[in-house]
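Enquirer: sequence unknown, structure follows:
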């Protein structure tokens, strides 16, 4: 049985490693290898520690194994991450995690969620009720621009 719980600060390395596996698997074929190389080699941002500390990060686990995580900034409504282990795709874990972010944000007064979706994730977010507003280059902190789609969803 899949359980959802808040992430802990001591899980930062495990969360980032899961993210790296998910991006490497899910984004291959959607991005040039040179973009992926920079994206995948970047260290965890300080913002992830902040999202964990403020309670905006949810972990999905089963039998003690981390299956995925999602993070939302509950002040701004930005969905920062939804990542699932590649071998766990198709089980609805991403949808569960995104719904948990939405519930948390709504409970804290957010009226909308927004995000920059990687190209491979656009159909996932559309199924969850997000609307694509525009294509954009996500300004990654490494200095590269990552093609993405800016999306939002009204939740209030």
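Expert: Received the coordinates, thanks. Everything quoted here is computed from the prediction, not taken from an experiment. Numbers count the residues shown, from 1 in each chain.
Enquirer: endpoints of stretch 69-87, how far apart?
Expert: 14 Å (C-alpha to C-alpha, to the nearest Å).
Enquirer: list the buried ones in it?
Expert: 69-74, 77-85 (16 or more other C-beta atoms under 10 Å). C-betas here are computed from N, CA, C, even on glycine.
Enquirer: please apply the same query to stretch 123-142.
Expert: Within stretch 123-142, the residues scored as buried using 16+ other C-beta under 10 Å are 124-125, 128, 130, 138, 140.
Enquirer: residue contacts, the most centrally placed residue in the chain?
Expert: The centroid of the chain falls nearest to residue 81 when counting by C-alpha atoms, centre = their mean (1.5 Å). Going by C-beta atoms under 8 Å, 6 or more residues apart in numbering, residue 81 touches 19, 48, 57, 69-71.
Enquirer: turn these into TSV, columns for secondary structure, distance to residue 115 and pLDDT.
Expert: Putting those into TSV (DSSP: H, G, I helix; E, B strand; the rest coil; distance: C-beta to C-beta, whole Å; pLDDT from 0 to 100) gives the following:
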residue	secondary structure	distance to residue 115	pLDDT
19	helix	15	96
48	helix	15	92
57	strand	15	97
69	strand	15	98
70	strand	11	98
71	strand	11	97
